[in-house]
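Asks: below: sequence and its predicted model.
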Amino acid sequence: MHILSIETSCDETAVSVVQADGQFPNASYEILGDAIHSQVEVHTKYGGVYPALAKREHAKTLTPMLQKALEDAELLIPEQQTLDQKHIERIHTLLLHESESGMIDALIDFLQNYAKPDIALLAVTTGPGLEPALWVGVNFAKVLAYVWDIPVVPVNHMEGHVLASVFDVVKDNKLAPVSFPAVALLISGGHTELLCMDTWSSYVKIGQTQDDAVGEAFDKVARMMGLPYPGGPEISRLAQQARTANLPPFCQLPRPMLHSKDLHFSFSGLKTAVRYAIADTTLTETNKQALARDFEDAVTEVLVFKTQAALDEVGAQTLIIGGGVSANAHIRQSFHTQLQNTHPDVEIYFPNPELSTDNSVMIALAGHAQIASASNPAAAQLLKADGNKSL
Ligand code: KG4
Ligand code: ZN
């Protein structure tokens, strides 16, 4: 089956067409079309993502992304379509809040010029994320579901990250044969959580951040150091230079909640410690490199330590690490080397680097998981964005 997936939870506007052959979790998946537009340039001057701006950008970009994804998948067939008055009115109602962006005209124009594509299922991120941004994708999916009469499933963005981590795009285009119970560590711009999985699509939260998410801490510390948004890749690059040059520490940073005897995290104190360490200092390039390394080391030590405790508590056979921060090379390396000593039998999965940060391929995978676990796709008109949706 062809799955068309839509992701607009944060600052990437993404639409994919993924062909799923077989039943979840044994299917193989071919990425036929994958269109993604990053809004980084729009947000970088503000040092973070502004929801109203993100929403407007999604509204402007979704139709072109849809067109590109379908074109790449060779499912775009030019053919005049008649949308009757009832359809046009319904589209206007569904996209009422997107009326300033030109989205309504662009989408109606698209729908009038192309035939209904060979798509069996729509999958759309309904949360968690920035609610105004999520609604654009949800309403867009509702329009497609209505005009093309295709079922639509709501997808949890975090389940997308879990499935991206076990999707082997290099070897066989299948999901890894995960042994349960598994622990999932999700580290992104909005989340830091440890989950216990007894089977697919079953998640029990066993730890989470009590304040900032780890990606947020990377971004805020980067901003304090005068680095552009998103800060994670910048800090990672500087930290690597510090390691290569074997620079001495710039400062001593705390390991928050390392010995809290639970599986929770806290990163705001670490961020404050960096603020104090650099107060009244004009950072040289070398200082920045050393500080980036000190910060990355502190974060990594806490993440690895808490995850080791979670693996013990659950008796896990598998560790799944996902979310944008899982792109970090030092974090990857540290998990591999340290778990080799403490948990040599635990299989560790990280996403392919291209699927680490937000994308819509993972939303198609999670949509496929949804139809395997839910009896019926949700009625399109009931779909709701939920910024705080949890797993
Ligand atoms: O999963 P994601 O793309 O979006 C959310 O769902 O939040 O994660 C984005 C986060 C940002 O905070 C970004 O700075 C961080 O992932 N990130 C990294 C790296 N690449 C992206 N953090 C550390 N090292 C990286 N290489
Ligand atoms: Zn994400």
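Replies: Done, it's in. Ligands and ions are numbered 1, 2, ... in the order given.

Asks: do you know how far the nearest residue to residue 38 once chain neighbours are set aside is from ligand 2?
Replies: Nearest residue to residue 38 in three dimensions, chain neighbours excluded: residue 12, at 5.5 Å (CB to CB, 6 or more residues apart in numbering). Heads up, the C-betas are built off the backbone N, CA and C, glycines and all. Using CB to the ion, to the nearest Å, residue 12 is found at 9 Å from ligand 2.

Asks: next, residue 12: phi, psi?
Replies: When read as degrees, to the nearest 10, the backbone of residue 12 gives phi -120, psi 130.

Asks: surely it and residue 356 touch.
Replies: No: Residue 12 is beyond contact range of residue 356, at 12.0 Å (criterion: CB atoms under 8 Å).

Asks: so what's the closest residue to ligand 1 within the stretch 101-250 of the chain up against?
Replies: At 2.1 Å from ligand 1, residue 232 is the closest residue in the stretch 101-250 of the chain, using CB to the nearest ligand atom. Listed by CB atoms under 8 Å, 6 or more residues apart in numbering, the contact partners of residue 232 are 215, 218-219, 222, 324-325, 327-328.

Asks: neighbour count and distance to ligand 1 added to those residues, as a markdown table?
Replies: Converted to a markdown table, the contacts of residue 232 look like this (neighbours: other CB atoms under 10 Å; distance: CB to the nearest ligand atom, whole Å):
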| residue | neighbour count | distance to ligand 1 |
| --- | --- | --- |
| 215 | 25 | 3 |
| 218 | 30 | 5 |
| 219 | 25 | 5 |
| 222 | 25 | 7 |
| 324 | 27 | 2 |
| 325 | 27 | 4 |
| 327 | 21 | 4 |
| 328 | 25 | 3 |
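
Asks: hmm, which two among the residues you listed are most spread apart?
Replies: Greatest spacing in the contacts of residue 232, by CB to CB: 222 and 327 (14.5 Å).

Asks: which of the contacts of residue 232 sits closest to residue 95?
Replies: residue 324 (29.0 Å).

Asks: excluding sequence neighbours, find me the nearest residue to that closest one.
Replies: According to CB to CB, 6+ apart, the nearest residue to residue 324 is residue 357 (4.3 Å).

Asks: what about the one you found, distance to ligand 2?
Replies: With distances taken as CB to the ion, residue 357 is found 7 Å from ligand 2.

Asks: can you name the residue of the stretch 151-300 of the chain nearest ligand 2?
Replies: residue 188 (4.3 Å; CB to the ion).

Asks: quick check: closest non-adjacent residue to that residue.
Replies: residue 323 (3.4 Å).

Asks: quick check: longest helix of the chain.
Replies: helix 285-314 (DSSP state H).

Asks: alpha carbons only: can I get the helix or strand following that one in PDB?
Replies: Moving toward the C-terminus from helix 285-314, the next helix or strand (DSSP states H and E) is strand 318-322. These are the backbone C-alpha positions of strand 318-322, laid out as PDB (Å, rounded to 0.1, in the frame of the first residue of the first chain):
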ATOM      1  CA  THR A 318      17.000  -3.800  23.300                       C
ATOM      2  CA  LEU A 319      17.800   0.000  23.500                       C
ATOM      3  CA  ILE A 320      16.200   2.300  21.000                       C
ATOM      4  CA  ILE A 321      17.500   5.800  20.900                       C
ATOM      5  CA  GLY A 322      15.700   8.400  18.800                       C
END
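
Asks: show me which residues of this protein are close to ligand 1?
Replies: 10, 188-190, 215, 218-219, 230-233, 236, 323-325, 327-328, 357-358 (CB under 6 Å from any ligand atom).

Asks: hmm, 5 Å instead?
Replies: The chain has residues 188-190, 215, 218-219, 230, 232-233, 236, 323-325, 327-328, 357-358 near ligand 1, with proximity defined as CB under 5 Å from any ligand atom.

Asks: which ones are touching residue 384?
Replies: Residue 384 neighbours (CB under 8 Å, 6+ apart): 126, 138, 154.

Asks: residue 208: helix or strand, and which one exactly?
Replies: Here residue 208 is assigned to strand 204-208, by DSSP H and E.

Asks: which helices and strands sit right next to that strand?
Replies: Other helices and strands packing on strand 204-208, by 3 or more CB pairs under 8 Å, 6 or more residues apart in numbering; DSSP states H and E, are strand 192-197, helix 285-314.

Asks: could you say which of these is packed most deeply?
Replies: Counting by mean count of other CB atoms under 10 Å, strand 192-197 has the highest mean neighbour count of the helices and strands packed on strand 204-208, with a mean of 24.

Asks: quick one: the helices in the stretch 251-391 of the chain?
Replies: Secondary structure of the stretch 251-391 of the chain (DSSP state H, counting those that start in this stretch): helices at 268-278, 285-314, 329-342, 361-373.

Asks: report the buried residues of the first one.
Replies: This means helix 268-278. Buried residues in helix 268-278, defined by neighbour count with 16 or more other CB atoms under 10 Å: 269-271, 273-274, 277-278.

Asks: give me every residue in this structure lying close to ligand 2.
Replies: 188, 358 (CB under 5 Å from the ion).

Asks: now with 6 Å, please.
Replies: Residues of the chain found near ligand 2, taking CB under 6 Å from the ion as the criterion, are 157, 161, 188, 323-324, 358.
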